[in-house]
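Student: Provided below are the primary sequence and the corresponding predicted coordinates.
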Amino acid sequence: MLSSHLVDARYEQSLLPLNDDSPPSTPSKSKFRISRAYVPHSQKRLFLFLCTFVTIATVFLLSVKAHRSLGSRARSSQSLPLNQTGLSLPEDQHSQWVVGPPTPSFRDNLRPEVQYITSWLSAGWNNDVMTHMNLIYLAMITDRVPIVSMFVPMHIGGDAPPILFGDIFDVPRFTRESGFPLLEWYEVKDTKSETWDDLGCWNTWEAVQYGEHFPRHSVVPEYLHLDISYTKAPEWIKLISNYEHDKGSSFWSLARLAFPEDREQNLGSIKPSPLHHAMLNPDEQLLCYDYLYYVGASVTSEYDYTYSPAWRYVGKYLHFTQNVQAIARQYVTQAFGLPQTARLPAYITIHIRHGDFKDWCWDAEKFEDCFAPLSVIARRVQEVKDELLDTKGIHIPMNRVIMTSDESDPKWWAEVEALGWVRMDHGAMRTEERYGKWYPVILDAAIQSAGAGFVGTDRSTFSILSRRRVLDWNEGAARMVKWGRKGADDH
């Protein structure tokens, strides 16, 4: 295990709040520690004095170095270009958790005394965010440094470039507030490298579902030039054994494979890597799993619940970057017709997902009965308004309600306008043209998360995370609209 005291001081930088009313961040004690060497009681006072002197001198020198590093990091963070044509890489600096700057082969940059963990992405952006949260929490309980990959375009069009995790989420703030280290793959391996590295990983996908007899596919290893040899994980990682309708595994069952006893007992079922045909056991220094979206502490989908450890210890500390917050603020003030210099008023956001949910309407007698009508959504908005007024004394008028939705019906949007709500229209605002294909979804998440209140769509993971952010970041009010049949949200 490694010491939280080694967390890079360059991460200590101030943040631009999206909302003047945003609550201050809550510091927490580090959970990442190293066992300290035992000093015999019989040591002489002279030895203790010398140790104290050396420690003070070292701290002073490190603080000077950290101050310089902080200024450099803050300057580079502020000058990061928005990702439009490719990965925007920070200036040439390296984390203390690697040997040095990124190398052609990742293994040359791993510190021999450090253990790491990584995994791949294979879904839409919001689900991939949850996957990374699960990875980081698994790193916490296995005492490893997580290495997160860039986000890859799955649901926004394959012509979009990948985007760095740190272009969206404030990694320095996460490290500072959670007390836990975090690496991105670009810090470990040179993004321009043509070297294909061999790596042994655990194949969890084949152990938790019965329809596909291969590891979960992801394009991330191809971006990173990794040639993966997979070992099938044992069936006991599955949360509900022999149940085909659930693909979940538990954090602690996966964690067992990070330690020698269970790792050694479950080796042997190896699939050769596709390029080099390497037959490798799961790597011991860089622990690797094919897919970590369907993971929970007690149930597969638990971000809805207050107890969710991946949210409590990871997601709660993953705030959006200053750049994303600043753009989101501009969009909100523009939508409300306010000057860009105006103080952002308290507002409520709505996220209504229809789109692909139309394929899940088999319980409705008539298709038009599947989704809640706007009158039902308005009732939920009123509940949020009433709660904010009762608990915080905040009055939010109807023209301070923002609707975000994938609905394309012009009549539906005309009804939204008739209610006095404001539409977040990325087409009219030319979001893709100005910032790239990633930003409509990223900005919707940031705008929703900064509101005083939120109304979301039940069972939408996008709504689930926005609800959690509003409740925990802003101490706001939130409701979820049920759907699937007529009267589903009656209460």
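Tutor: Structure's in. What do you need? None of the values given here were measured: they were computed from a predicted structure.

Student: run a quick neighbour tally on residue 304.
Tutor: For residue 304, the neighbour count with other CB atoms under 10 Å is 17. Every residue, glycine included, has its C-beta placed from N, CA and C.

Student: now the nearest residue to residue 364 once chain neighbours are set aside: how far from residue 362?
Tutor: Once flanking residues are discounted, residue 364 sits nearest to residue 370: 4.2 Å by CB to CB, 6 or more residues apart in numbering. Note on residue 370: its distance to residue 362, by CB to CB, to the nearest Å, is 9 Å.

Student: who's more crowded, the two?
Tutor: Counted by other CB under 10 Å, residue 370 and residue 362 do not tie: residue 370 has more neighbours, with 20 against 9.

Student: mind listing the strands in the stretch 351-491 of the chain by residue range?
Tutor: For the stretch 351-491 of the chain, applying DSSP state E, counting those that start in this stretch gives strands covering 401-405, 422-423, 453-457, 477-481.

Student: hang on, I meant the chain
Tutor: With DSSP state E as the criterion, the chain has strands at 116-119, 145-148, 183-184, 197-203, 226-232, 249-250, 270-271, 286-289, 295-296, 348-352, 401-405, 422-423, 453-457, 477-481.

Student: JSON lines please, covering those strands and showing mean pLDDT and distance to residue 381.
Tutor: JSON lines is the format used below for the strands of the chain (pLDDT from 0 to 100; distance: least, CB to CB, whole Å):
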{"stretch": "strand 116-119", "mean pLDDT": "98", "distance to residue 381": "38"}
{"stretch": "strand 145-148", "mean pLDDT": "98", "distance to residue 381": "35"}
{"stretch": "strand 183-184", "mean pLDDT": "98", "distance to residue 381": "38"}
{"stretch": "strand 197-203", "mean pLDDT": "98", "distance to residue 381": "45"}
{"stretch": "strand 226-232", "mean pLDDT": "98", "distance to residue 381": "47"}
{"stretch": "strand 249-250", "mean pLDDT": "96", "distance to residue 381": "37"}
{"stretch": "strand 270-271", "mean pLDDT": "96", "distance to residue 381": "51"}
{"stretch": "strand 286-289", "mean pLDDT": "98", "distance to residue 381": "41"}
{"stretch": "strand 295-296", "mean pLDDT": "96", "distance to residue 381": "31"}
{"stretch": "strand 348-352", "mean pLDDT": "97", "distance to residue 381": "6"}
{"stretch": "strand 401-405", "mean pLDDT": "97", "distance to residue 381": "6"}
{"stretch": "strand 422-423", "mean pLDDT": "97", "distance to residue 381": "12"}
{"stretch": "strand 453-457", "mean pLDDT": "97", "distance to residue 381": "5"}
{"stretch": "strand 477-481", "mean pLDDT": "98", "distance to residue 381": "8"}
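
Student: from residue 490, how far off is residue 382?
Tutor: According to CB to CB, residue 382 stands 15 Å off from residue 490.

Student: between these two, who's got more neighbours?
Tutor: Applying other CB under 10 Å to residue 382 and residue 490 shows that residue 382 carries more neighbours, namely 13 against 9.

Student: ok, now which ones touch the spatially most central residue of the chain?
Tutor: By CA atoms, centre = their mean, the mean C-alpha position of the chain lies nearest to residue 129, the distance being 3.6 Å. Residues near residue 129 by CB atoms under 8 Å, 6 or more residues apart in numbering: 318, 465.

Student: closest to residue 437 out of the strands of the chain?
Tutor: Relative to residue 437, the nearest member of those by CB to CB is strand 401-405, separated by 16.6 Å.

Student: next, the angle strand 348-352 makes with that closest one.
Tutor: On the basis of axes from the mean of the first three to the mean of the last three CA atoms, to 10 degrees, strand 401-405 is oriented at 20 degrees to strand 348-352.

Student: now do strand 401-405 and strand 453-457, the angle between them.
Tutor: Inter-element angle recorded for strand 401-405 and strand 453-457: 20 degrees (by the same axes, to 10 degrees).

Student: tabulate the strands of the chain (a markdown table), appending distance to residue 430.
Tutor: Below are these laid out as a markdown table (distance: least, CB to CB, whole Å):
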| stretch | distance to residue 430 |
| --- | --- |
| strand 116-119 | 35 |
| strand 145-148 | 30 |
| strand 183-184 | 29 |
| strand 197-203 | 40 |
| strand 226-232 | 37 |
| strand 249-250 | 42 |
| strand 270-271 | 46 |
| strand 286-289 | 39 |
| strand 295-296 | 38 |
| strand 348-352 | 21 |
| strand 401-405 | 17 |
| strand 422-423 | 15 |
| strand 453-457 | 26 |
| strand 477-481 | 30 |
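
Student: and residue 392, which of the ones you listed is closest to it?
Tutor: Nearest of the strands of the chain (CB to CB): strand 477-481, 8.5 Å.

Student: what is the closest one packed up against?
Tutor: helix 374-392, strand 453-457, helix 461-473 (3 or more CB pairs under 8 Å, 6 or more residues apart in numbering; DSSP states H and E).

Student: which neighbours in the sheet does that strand have, and how are they oriented?
Tutor: Paired with strand 477-481 in the same sheet, following DSSP bridges, are strand 453-457 (parallel).

Student: other residues contacting the strand it pairs with?
Tutor: Residues outside strand 453-457 that contact it (CB under 8 Å, 6+ apart): 347-353, 357, 377, 380-381, 384-385, 387-388, 396, 448, 462-464, 466-467, 470, 476-481, 483.

Student: so what's the residue count around the nearest residue to residue 354 once chain neighbours are set aside?
Tutor: In space, and not counting its chain neighbours, residue 354 is closest to residue 407: 4.9 Å by CB to CB, 6+ apart. Around residue 407 there are 15 other residues, counting by other CB under 10 Å.

Student: roughly how far apart are residue 407 and residue 149?
Tutor: From residue 407 over to residue 149 (counting by CB to CB), the distance is 32 Å.

Student: what of residue 185?
Tutor: 5 Å.

Student: ok, the two, which is more surrounded?
Tutor: Neighbour count, other CB under 10 Å: between residue 185 and residue 149, residue 149 has more, with 25 against 20.

Student: pull the contacting residues for that one.
Tutor: Residue 149 makes contact with 118, 120-121, 165, 184-185, 220, 223-224, according to CB under 8 Å, 6+ apart.

Student: can you pull the pLDDT of it?
Tutor: Confidence at residue 149, expressed as pLDDT, is 98.

Student: where does this protein dip in pLDDT?
Tutor: Applying pLDDT under 70 to the chain flags the ranges 1-92.

Student: let's see 50
Tutor: Within the chain, the segments meeting pLDDT under 50 span 1-86.

Student: list the contacts of the spatially closest residue to residue 276 that is not a sequence neighbour.
Tutor: Leaving aside its sequence neighbours, residue 276 sits nearest to residue 227 (CB to CB, 6+ apart; 5.1 Å). By CB under 8 Å, 6+ apart, the contact list for residue 227 reads 196-199, 221, 273-276, 278.

Student: on that earlier part again, tell me which of the contacts of residue 149 fall in helices.
Tutor: Mapping the contacts of residue 149 onto helices (DSSP state H) picks out 165, 185, 220, 223-224.

Student: which one of those residues has the most neighbours?
Tutor: Taking other CB under 10 Å as the neighbour criterion, residue 224 ranks highest of the ones in helices among the contacts of residue 149 with 23 neighbours.

Student: now that residue. Nearest residue, chain neighbours left out?
Tutor: Residue 224 sits nearest to residue 185 (CB to CB, 6+ apart), 5.8 Å away.

Student: wouldn't the one you found be in contact with residue 151 here?
Tutor: No - with contact defined as CB atoms under 8 Å, residue 185 does not count as touching residue 151 (11.4 Å).
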